[in-house]
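Student: I would like to see how this sequence folds:
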Amino acid sequence: MLDRLYQKVILEHNKAPNNFGSMADATHSARGTDALCGDDIQMWLRVTERTIEKAQFSGEACAVTKACASMLTEWLEGRGVDEILPAFEAFQALMDDADRPPVEALGQLNHLRSVGAFPARRANAYLPWKTVLEAMQIPSGLT
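Tutor: Numbering: from 1, shown residues only. Coordinates of the predicted model:
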């Protein structure tokens, strides 16, 4: 079952994450932590006229968090700010039901749906999302 969690795509994003590093010209940023597993990430966004032009992340995190942050930064670029919360809600639905069909709008983020089979690891997949929502000051309902 662990092979489902750490599938090839997750391992690849963990080993060579996309958009890793700080962003000097970020307009929005937030730090997300998970004391239980030691994740500590910073999400950086450059937003112009309600469109995310660039997204990056930095910090130390487990494979699931790092892979999610990597995929999420790719997904965010070129998206409208108003797309973030509905996409997060669709992502949460995937976590709740790993057998649910992929959500086309989420692209690569669908690879993380297998994490939903491990309730203790869902927080790792949610952390980058929660941090972006915090940076954009969008209430998510998650604590």
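Student: stretch 31-39: end-to-end distance?
Tutor: One end of stretch 31-39 sits 10 Å from the other (Cα to Cα, to the nearest Å).
Student: pLDDT averaged over it - what is it?
Tutor: Taken as a whole, stretch 31-39 has a mean pLDDT of 92.
Student: same deal with stretch 16-28?
Tutor: Rounded mean pLDDT across stretch 16-28 is 96.
Student: buried sites along that stretch?
Tutor: 17, 18, 19, 23, 26, 28 (16 or more other Cβ atoms under 10 Å). For every residue, glycine as well, the C-beta is placed using N, CA and C.
Student: list just the nearest of those residues to residue 123.
Tutor: Closest approach to residue 123 among these (Cβ to Cβ): residue 17, at 18.8 Å.
Student: and the closest one, how far is that from residue 128?
Tutor: With the distance defined as Cβ to Cβ, to the nearest Å, residue 17 ends up 11 Å from residue 128.
Student: got any residues that touch both of these two?
Tutor: Each of 57, 69 lies in contact with both residue 17 and residue 128 under the rule Cβ atoms under 8 Å, 6 or more residues apart in numbering.
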